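1. The amino acid sequence is not available; the structure is as follows:
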C-alpha cells in the first residue's frame, strides 16, 4: 500500500525542515545572547575596577590619611575615614596599610593591626595592581595603589569589591534582557514556521526530494520531444528553451533569462494571441503555436509557451507531391486527348483523306513539351515539365524561352529547384485562367540565371521592397498561409551571394530576374542558418 505509507515520510520531512529552521533561529539567538553576556560581563568588571581605583586614589590623596600614617594615632584617624569611604562608594572593603605591612583600617575591626593577607611589596615600590585575589572576606576584584607624601611613599591602600557582587550585577543585567531574547527566539520560530509553510504552498506541496525528480522528468521530456519548446513568463523573459528550439531558432543557452521580445521578435515576429501561424526562420518553414500558461492553483496566467514544428521537409515533399499530382493529371488528360486524336486520324485514313490526316498531325504536334527539349539537366527539366502540366490544368499558357540552356555535366542542387519551383508556382497563380507564363533558365559552371514572368496584375511599386518580407503577400487572404515562398527565395539568393530584381514583364505582369555566381553554388550545413541579422 504505497499510497497509504507515502504521507508519513512527507510529514517527517516537513518536520525535519521546520526543526532545522527553528534550530537555526535558536542557535543564532543563543550565540547573540552569549556574546551580549560576554560584553556585559567585561563592562561590569571594568566598571567595578574603575570604581575601586577611584576610591583608592581619593582616600590616598586625603591629607588626614597621609599625615596620620605611621604615627601613633593612625588607626583612630584613618579607620573612620576608610569606613566612611566604603559606605558611601559601595565597595566591600577599604584597607590602608602602613610601611610595616600592618593594617590601619579594615571592614572587620578585629583585623585592624594584623598584617595584610596579600603581597604589597610591589605597591611600596610605586607600582599599581588590579586583579582578582582571595582575602579575608572572600574573592574580590581589587585595586592596590601607593600613598604618597609628596615624592615619598608612606603606605599603601587596597580597595575591593566581592566577585559575587559583580556576578550578581551581571545576573540582574541578564534577567533584564532575557525577556527580549526569549521574545526574539519565539518570534523567530513563528516566522520560520510561517516561511516554511509559505514556501511549501508556493511549490504546491512538493517535497525537496520530489523537486529533483520533477526536474529530471521535465528535462527528459523537453529534451526528448522532436518539437521545439520555448517557455516565457508573465514578465516577458525566456525561462525555458529546449535543444530542438535552440537548433531551429539558431539560439544558444544564454538566451534563457533574456527578454523574449528582444530575442524572438526578430526571428518569429510578434505572437500576441494564442494560435498557430507559419513563419520562415532562416530557410526553415516553422509552424509556431502559442498557448497561454495558467497557474494550476488560482488559474491566473503566468506566461505562455511556444511550440515550434519544423515543416521544411514536409513543405518540400508537399511541393513535390503537388508537382507529381499535376503531372499525373496532365498525363491522364493527355491520354484522353490522345485517344480522341487517334479516332480523328483513324477517320481520315479510313476514308482515304491522307492529305487531311497529314495536315491534322502537323497541327496537333505543335511545339515540343516545355522544358524537355530546352534544357538537358533532368531536375530543371522535370520542374519545367511539372509546372507546364500544372499551368495547363489552370488554363495558363506556359512557355520556356528557347534560349534557355544548362551546361553538360552541371547538376541542379536543392537551391536551384526550390527557387525555380517557387517562382513558377507564384507566376502560374498570378497569371490565372487565360494567362501566360514564361521562364528563362541559364545555368552552368559560370553560375545561375533565372527569369520568370507572368501576365498577371503585377506588383505595385510601393510593394516591391516588401514582397520578400516574411508574411507579406499580394494574394487574396485565404486559410492557406502565404508570404513564405518569396521570403525563402530571397534568403537563398542572399546566401548564394546573388541578387534578385522585380520589374514589369513584357507580358504585362511581374517578372523576377535573379542570378548568383559560381563558387557559391553548393549549400552547406552552416549555409542553412539565416545570414541576415
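-> Thanks, I have the structure now. Please read these numbers as outputs of a predicted model, since none were measured by experiment.

2. Check the average confidence over stretch 516-528, would you?
-> Average pLDDT, stretch 516-528: 58.

3. which residues in the stretch 1-150 of the chain form strands?
-> For the stretch 1-150 of the chain, applying DSSP state E, counting those that start in this stretch gives strands covering 93-98, 129-135, 138-149.

4. could you give the angle of the shortest one to strand 138-149?
-> The reference is to strand 93-98. For strand 93-98 against strand 138-149, the angle by axes from the mean of the first three to the mean of the last three C-alpha atoms, to 10 degrees is 40 degrees.

5. counting contacts, what elements does strand 93-98 pack onto?
-> Helices and strands touching strand 93-98, by 3 or more C-beta pairs under 8 Å, 6 or more residues apart in numbering; DSSP states H and E, are helix 7-60, helix 74-89, strand 152-162. For glycine as for every other residue, the C-beta is placed from the backbone atoms N, C-alpha and C.

6. what's in contact with that strand?
-> Strand 93-98 is contacted by residues 55-56, 59, 65, 69-70, 74, 78, 82-83, 85-86, 103-107, 116, 120, 135, 137, 140, 147, 154-160 when judged by C-beta atoms under 8 Å, 6 or more residues apart in numbering.

7. Give me the below-cutoff pLDDT ranges for the stretch 51-200 of the chain.
-> Across the stretch 51-200 of the chain, the ranges flagged by pLDDT under 70 are 177, 199-200.

8. Would you agree residue 142 is in contact with residue 52?
-> Yes. Contact criterion C-beta atoms under 8 Å: residue 142 and residue 52 qualify, at 6.5 Å.

9. Need the overlap of contacts for the two.
-> In terms of C-beta under 8 Å, 6+ apart, residue 142 and residue 52 are both contacted by the residues 130, 159-161.

10. Just name the most buried of the strands of the stretch 1-150 of the chain.
-> Highest mean neighbour count of those: strand 93-98, a mean of 25 (counted as mean count of other C-beta atoms under 10 Å).

11. now that strand and helix 7-60, what's the angle there?
-> Interaxial angle of strand 93-98 relative to helix 7-60 (the same axes, to 10 degrees): 40 degrees.

12. quick one: the most centrally placed residue in the chain and residue 352, what's the gap?
-> For the chain, the residue nearest the mean C-alpha position is residue 257 (2.7 Å; C-alpha atoms, centre = their mean). Distance of residue 257 to residue 352, given as C-beta to C-beta, to the nearest Å: 90 Å.

13. One more: residue 309?
-> Note on residue 309: its distance to residue 352, by C-beta to C-beta, is 67 Å.

14. between those two, who's got more neighbours?
-> residue 309 (17 against 9; other C-beta atoms under 10 Å).

15. And the strands in the stretch 251-400 of the chain, which stretches?
-> With DSSP E, counting those that start in this stretch, the ranges of strands along the stretch 251-400 of the chain come out as 275-281, 284-294, 301-310, 397-400.

16. what about the longest one, distance to the chain center?
-> To tie it back to what came earlier, the one meant is strand 284-294. 20 Å (C-alpha atoms, centre = their mean, to the nearest Å).

17. Check the third one too.
-> The offset between the C-alpha centroid of strand 301-310 and the centroid of the whole chain comes to 16 Å, using C-alpha atoms, centre = their mean.

18. Neighbour-wise, give me the winner out of the shared contacts of residue 142 and residue 52.
-> Most neighbours among the shared contacts of residue 142 and residue 52, by other C-beta under 10 Å: residue 159, with 31 neighbours.

19. where in the stretch 301-450 of the chain is pLDDT low?
-> For the stretch 301-450 of the chain, the stretches flagged by pLDDT under 70 are 312-331, 333-334, 336-337, 364-373.

20. all helices for it, in order.
-> 312-350, 354-365, 378-393, 414-431 (DSSP state H, counting those that start in this stretch).

21. Pull up the per-residue confidence for the closest residue to residue 304 other than its chain neighbours.
-> Sequence neighbours aside, residue 292 is the residue nearest to residue 304 in space, at 4.8 Å (criterion: C-beta to C-beta, 6 or more residues apart in numbering). pLDDT recorded at residue 292 is 81.

22. what's near enough to touch residue 292?
-> Counted by C-beta under 8 Å, 6+ apart, residue 292 has contacts 274, 301, 303-304.

23. got a winner among those for most neighbours?
-> Of all these, the highest neighbour tally under other C-beta under 10 Å goes to residue 304, namely 21 neighbours.

24. in the sheet, who's paired with it?
-> residue 232, residue 292 (DSSP bridges).

25. could the strands of the stretch 1-150 of the chain be laid out in TSV, adding distance to residue 404?
-> Shown next, in TSV, are the strands of the stretch 1-150 of the chain (distance: least, C-beta to C-beta, whole Å):
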stretch	distance to residue 404
strand 93-98	126
strand 129-135	115
strand 138-149	115
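
26. And stretch 300-313, what's buried?
-> By neighbour count on 16 or more other C-beta atoms under 10 Å, the buried set for stretch 300-313 is 302-304, 306-312.
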